[in-house]
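*Asks:* Got a sequence here, can you build the structure:
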Amino acid sequence: MQLPEEFVRYTRELMGEERFERFMQAFDEEPPVSIRLNPLKTKGMTVIGGEPVPWCHEGYYLPRRPNFTMDPLLHAGYYYVQEAASMFVSHVLRQHIANRKSSNCKCLDLCAAPGGKSTAAISVLSEGSVLYSNEPVRQRASILLENITKWGYPNCIVTNNYPRDYRRSKLKFDVILCDVPCSGEGMFRRDEATIREWSLQNVEKCWRLQRDIVSDAWACLNEGGLLIYSTCTFNTHENEENVRWACEELGAKVLPVETQPDWNITGSLLPGFNAPVYRFIPGISRGEGLFMAVLRKSEKLEMRSERLEVRSEKYDYTRRSNLPSHLSPLTPPPSALTSHLSPLTSHISPQVDLTYSQSIAYLRGEALTLPADTPRGIIEVCFQGHPLGTMKNIGTRANNLYPKEWRIRTTHTANDYDAIIRNDS
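*Replies:* Just a heads-up that it's a prediction; the model follows:
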């Protein structure tokens, strides 16, 4: 794989010779494949051949990359395919938010598509918390809405806005995730298109945009609140230098995160800047490139302890008309509102269990013929007892109500189900 000369020259100097050589060797290795389980839906289930991701309770490395598209349980929201280093956000939230006494909070994921960090966050935060999951690009926002809906948690609002719209809305949050657009150096091993798109000019463009996003996010953060800043790139311009800027210009305080030595996380690579920041470098840590820092917004009055005190108001997330006019909430397709019900609510009755081939046909949007004794009307179809969605049984056939925009497009047909997770029983 041919990397840009300017990138090689800069990164070698940044990392040092030994670390850089280990990084380069990783390009000759297969990237690890990992998934994160949905805690609401996978109780009593295990990952076949899975090895735990040490910094995420729900994360598992897989022994190989399966055909995820052909697994009905992926579409049912039982797990999310996520790069392991990105799961570190779960560990950060558990340490700084979820394990605290006053843990219900109002959280904003400002650059959220396709939904990995949003689904990780809502899985960790307490039941009474509210998550706003935002994506500025409309097409990507639609994918985000699908993934959030399938995850099945209540109190999640998906919006399609720019960060400045949130600033204008005057909404305040206890936690804001800023996984900002970046030059994507950490994705070189997995996506060669990012190599072709890389340039020093793009790095310059990115770090300036990132500061604009952080400035807008900072205005939306409650005093004492946390901003979790992350990129999937290596250079210090988009990482340590932006964190140092936030400290100097915004008054941010960088908070430490407890880690273990065998996680092989690298600290700051910017000379003279020793704040606690966390780098995942391929060939050193088991994952792709990630940088993360936890920033606290200081309070006007001195805090009595290091504990974050959240101040979330009660909010009926189903009443999107309550949102400020600056924001544009997205609503799932009507048929999706009952297709991926949370285990916290009641499922539709009756239910019909489908075979694997029927399940794939359903996910493709095809009509099915159900057993003769199936009641007419709206029914819920399942795979191995796990709900997939709804159909309208009219007797001679059952019309498919699975949202058109979610349907499987591939024509591949699998004869046998290559299970990824299974019931322990």
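*Asks:* Tell me where the stretch 51-200 of the chain has helices.
*Replies:* Along the stretch 51-200 of the chain, the segments classed as helices by DSSP state H, counting those that start in this stretch run 72-75, 88-93, 116-124, 138-151, 163-169, 192-197, 200-219.
*Asks:* okay, those helices in a markdown table with distance to residue 274 and mean neighbour count next?
*Replies:* Every residue, glycine included, has its C-beta placed from N, CA and C. Formatted as a markdown table, those follow (distance: least, CB to CB, whole Å; neighbours: other CB atoms under 10 Å):
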| stretch | distance to residue 274 | mean neighbour count |
| --- | --- | --- |
| helix 72-75 | 42 | 22 |
| helix 88-93 | 19 | 25 |
| helix 116-124 | 26 | 25 |
| helix 138-151 | 36 | 20 |
| helix 163-169 | 29 | 19 |
| helix 192-197 | 30 | 13 |
| helix 200-219 | 20 | 18 |
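*Asks:* do you know which of those helices lies nearest residue 82?
*Replies:* Relative to residue 82, the nearest member of the helices of the stretch 51-200 of the chain by CB to CB is helix 116-124, separated by 4.4 Å.
*Asks:* I'd like to check which residues are in contact with the closest residue to residue 7 other than its chain neighbours.
*Replies:* Nearest residue to residue 7 in three dimensions, chain neighbours excluded: residue 198, at 6.2 Å (CB to CB, 6 or more residues apart in numbering). By CB atoms under 8 Å, 6 or more residues apart in numbering, the residues touching residue 198 are 4, 7, 183-185, 188.
*Asks:* Mind doing that once more with 7 Å?
*Replies:* Neighbour list for residue 198: 4, 7, 183, 185 [criterion: CB atoms under 7 Å, 6 or more residues apart in numbering].
*Asks:* can you confirm the second one is in a helix?
*Replies:* Yes - assigned with DSSP: H, G, I helix; E, B strand; the rest coil, residue 7 falls within a helix.
*Asks:* quick revisit: nearest to residue 202, out of the contacts of residue 198: which one, please.
*Replies:* Taking CB to CB as the measure, residue 202 lies nearest residue 183 of those, at 5.3 Å.
*Asks:* so that closest one touches residue 231, yeah?
*Replies:* No - if you go by CB atoms under 7 Å, residue 183 and residue 231 don't touch, sitting 8.3 Å apart.
*Asks:* Now the most centrally placed residue in the chain: closest residue in space, sequence neighbours ignored.
*Replies:* By CA atoms, centre = their mean, the chain has its centre lying nearest to residue 116, at 1.4 Å. Distances taken as CB to CB, 6+ apart place residue 82 nearest to residue 116, at 4.4 Å, with adjacent residues excluded.
*Asks:* Contacts only, for the one you found.
*Replies:* Counting by CB under 7 Å, 6+ apart, residue 82 touches 34-36, 116.
*Asks:* So, low pLDDT: which residues of the stretch 151-300 of the chain?
*Replies:* Applying pLDDT under 70 to the stretch 151-300 of the chain flags residues 300.
*Asks:* So what touches stretch 351-367?
*Replies:* So stretch 351-367 is contacted by 70, 72, 75, 368, 370-371, 374, 379-383, 385, 388-389, 397-400, 402, 404, 407-408, 417 (CB under 7 Å, 6+ apart).
*Asks:* how many other residues sit next to residue 262?
*Replies:* Residues near residue 262, counting by other CB atoms under 10 Å, number 8.
*Asks:* hang on, it is in a helix, isn't it?
*Replies:* Yes - with three-state DSSP as the criterion, residue 262 is part of a helix.
*Asks:* What's the separation between it and residue 286?
*Replies:* 10 Å (CB to CB, to the nearest Å).
*Asks:* domains for this structure, by residue range?
*Replies:* Split into domains by automatic domain parsing, the chain comes to 5-322, 334-402.
*Asks:* Return the most buried member of the ones you listed.
*Replies:* Mean neighbours per residue, mean count of other CB atoms under 10 Å, is largest over the domains of the chain for domain 5-322, with a mean of 19.
*Asks:* Please compute how far it lies from its chain's middle.
*Replies:* Mean-position distance between domain 5-322 and its chain equals 7 Å (CA atoms, centre = their mean, to the nearest Å).
*Asks:* what's the answer for stretch 397-415, then?
*Replies:* Centroid separation for stretch 397-415 versus its chain: 25 Å, with CA atoms, centre = their mean.
*Asks:* what do residue 183 and residue 231 both touch?
*Replies:* Shared contacts of residue 183 and residue 231 (CB under 7 Å, 6+ apart): residue 238.
*Asks:* all helices for the stretch 251-400 of the chain, in order.
*Replies:* For the stretch 251-400 of the chain, the helices defined by DSSP H, counting those that start in this stretch occupy 356-363.
*Asks:* where exactly do the strands run in it?
*Replies:* Using DSSP state E, counting those that start in this stretch, the strands found in the stretch 251-400 of the chain span residues 252-255, 278-280, 290-297, 351-354, 377-383, 386-393, 398-400.
*Asks:* Note down every partner strand of the first one and its orientation.
*Replies:* Strand pairing for strand 252-255, determined by DSSP bridges: strand 290-297 (antiparallel).
*Asks:* relative to helix 200-219, how tilted is the partner strand?
*Replies:* Per axes from the mean of the first three to the mean of the last three CA atoms, to 10 degrees, the angle that strand 290-297 makes with helix 200-219 is 30 degrees.
*Asks:* got a list of what residue 376 touches?
*Replies:* In this structure, residue 376 makes contact with 393-395, judged by CB under 7 Å, 6+ apart.
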